[in-house]
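Chemist: sequence first, then the predicted structure:
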Amino acid sequence: MPAPDVKEAPLPHWIVPFAASLSEPCVQALPRLDAADALPHWSELWGLLEETGRLHADEYALSMPHERVLADLLGWAETGDALADGALPWAAWWAHHDGVTLTPDQYWGQLTPCHWLMGRDHMTLLDPDSMGITAADSRAAFEAVRDLFESDGWTLLWGAPTRWYASHASLAGLPTASLDRVIGRNPDVWMTDHPQARVLRRLQSEVQMVLYQHAVNDRREAAGLPTINSFWLSGCGLPGRTATLPAGVTVVDHLRASLLADDMPAWLAAWQEVDASVLAPACARLKAGQPVKLTLCGERSAVTLTAAAPRGALGRWWQRWRGVTAARPASWLAEL
């Protein structure tokens, strides 16, 4: 009688975005991760891992390093220019997960309702997830600007409080900056000089005028909430690409909100959560001889680490040496 097929469990692969940034608050906070009790599993784990891949970019790239890592895992590189900077079709990805059906032969982008905070000499885009946008508020703003888009030949679909979907011929080949690049920064700086971006600038101005005195913003102001006064377009592309990550891949999103808000006490606490929820079980698996993979992502780079399996006395010395030299997270994370 033939033995039954036994399927191996998928290799655990943790992807950790926002592991560090180049912001001054983060640079100042990083050394606190070197304290002996800050990340107790860090040095132990680093003594068992070796670098097996590195994605290089810079802090001015439109796409974030973790987005490029995920796009590669989704197989989007096989579709030609899909991995071009600022051309990752995240709108189609999110629409799939929101249960929104997009016309397959049209280009779609994700419109994120948001607040552009007017400062003395520049604007700042607030994190939409921190604005408390309810479905009712989002739908009210959506309906208020819908005619504005549709009269200009756009198709607009509502997906979630912070996700609307838009289709227009001008989106074909239009590179856009990731929302994660723009949060906390001046959105004007991240608008590309692509000829088709002029349409967006006009629509953003018109949306601001429509929403300026809308009832939904009157209610939000009365409640002490930021108004919905603009939108950000990102993730343009055609639908139809893979929308499911490979088995075993987990995106660890603990660090995102606090780093984008430059809330360093919360970010340091979130790193301790990562140490307990990711690094500790990774250590346990490696000690048991079970491989793992870890990808840490910053503003410029993403580094993938996998289990190193040295053998013999030299191998054990190498593991101990690597554990000591990698025991200080600050200098290592600063390179991301």
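Modeler: Cool, got the structure. Numbers count the residues shown, from 1 in each chain.

Chemist: drop to CA atoms for contacts and neighbour counts, all remaining ones
Modeler: Will do.

Chemist: mind showing which ranges of the stretch 201-336 of the chain have poor pLDDT?
Modeler: Counting by pLDDT under 70, the low-confidence segments of the stretch 201-336 of the chain come to 308-327.

Chemist: can you show me the strands along it?
Modeler: 230-237, 249-251, 293-297, 301-307 (DSSP state E, counting those that start in this stretch).

Chemist: which one of those strands lies closest to residue 165?
Modeler: strand 230-237 (9.2 Å; C-alpha to C-alpha).

Chemist: okay, now the sheet partners of the closest one, with direction.
Modeler: strand 108-114 (antiparallel) (DSSP bridges).

Chemist: after the partner strand, which helix or strand is next?
Modeler: For strand 108-114, the following helix or strand on the C-terminal side (DSSP states H and E) is strand 116-118.

Chemist: distance between that following strand and the chain's centre?
Modeler: 22 Å (C-alpha atoms, centre = their mean, to the nearest Å).

Chemist: from the contact counts, what lies against it?
Modeler: Secondary-structure packing of strand 116-118 (3 or more C-alpha pairs under 8 Å, 6 or more residues apart in numbering; DSSP states H and E): strand 123-125.

Chemist: go through the helix or strand following the strand it packs on and flag the buried ones.
Modeler: Later in the chain than strand 123-125, the nearest helix or strand by DSSP H and E is helix 135-150. If you call a residue buried by 16 or more other C-alpha atoms under 10 Å, then helix 135-150 has these buried ones: 137-142, 144-146, 149.

Chemist: now render those residues as TSV, adding distance to residue 97 and pLDDT.
Modeler: Output for the buried residues of helix 135-150, formatted as TSV (distance: C-alpha to C-alpha, whole Å; pLDDT from 0 to 100):
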residue	distance to residue 97	pLDDT
137	21	98
138	18	98
139	18	98
140	22	97
141	22	98
142	20	98
144	25	97
145	24	97
146	22	96
149	24	96
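
Chemist: for the stretch 51-200 of the chain, which spans come out with low pLDDT?
Modeler: For the stretch 51-200 of the chain (pLDDT under 70), the answer is 78-83.

Chemist: who touches residue 180 in this structure?
Modeler: For residue 180, the contacting residues are 64, 260, by C-alpha atoms under 8 Å, 6 or more residues apart in numbering.

Chemist: from the buried residues of helix 135-150, pick the one nearest residue 39.
Modeler: Closest to residue 39 out of the buried residues of helix 135-150 is residue 138 (39.6 Å), distances taken as C-alpha to C-alpha.

Chemist: that closest one against residue 162, yeah?
Modeler: Yes - the criterion here is C-alpha atoms under 8 Å, and residue 138 meets it with residue 162 at 7.2 Å.

Chemist: hey, what's in contact with both of the two?
Modeler: residue 113.

Chemist: is residue 19 in contact with residue 300, as I believe?
Modeler: No - Residue 19 is not in contact with residue 300 according to C-alpha under 8 Å; the separation is 10.9 Å.

Chemist: residues shared between the contacts of these two?
Modeler: residue 336.

Chemist: which ones are touching the closest residue to residue 305 other than its chain neighbours?
Modeler: Closest residue to residue 305 apart from its sequence neighbours, by C-alpha to C-alpha, 6 or more residues apart in numbering: residue 51 at 4.4 Å. Applying C-alpha under 8 Å, 6+ apart to residue 51 gives the contacts 303-306.

Chemist: just the strands of the stretch 201-336 of the chain: most buried one?
Modeler: For those, the largest average neighbour count (mean count of other C-alpha atoms under 10 Å) is found in strand 230-237, namely a mean of 25.

Chemist: the inter-axis angle of that strand versus helix 135-150?
Modeler: Angle, strand 230-237 to helix 135-150, by axes from the mean of the first three to the mean of the last three C-alpha atoms, to 10 degrees: 70 degrees.

Chemist: from the chain's centre, how far out does strand 230-237 sit?
Modeler: 14 Å.

Chemist: just the CA coordinates for that strand, please, in CSV.
Modeler: This file holds the C-alpha atoms of strand 230-237, laid out as CSV (Å, rounded to 0.1, in the frame of the first residue of the first chain):
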residue,chain,number,x,y,z
SER,A,230,-8.9,66.1,-0.4
PHE,A,231,-7.8,62.7,-1.7
TRP,A,232,-4.6,60.9,-2.6
LEU,A,233,-4.4,58.7,-5.7
SER,A,234,-2.1,55.6,-5.7
GLY,A,235,-1.7,52.0,-6.9
CYS,A,236,-2.7,52.5,-10.5
GLY,A,237,-2.8,49.5,-12.8
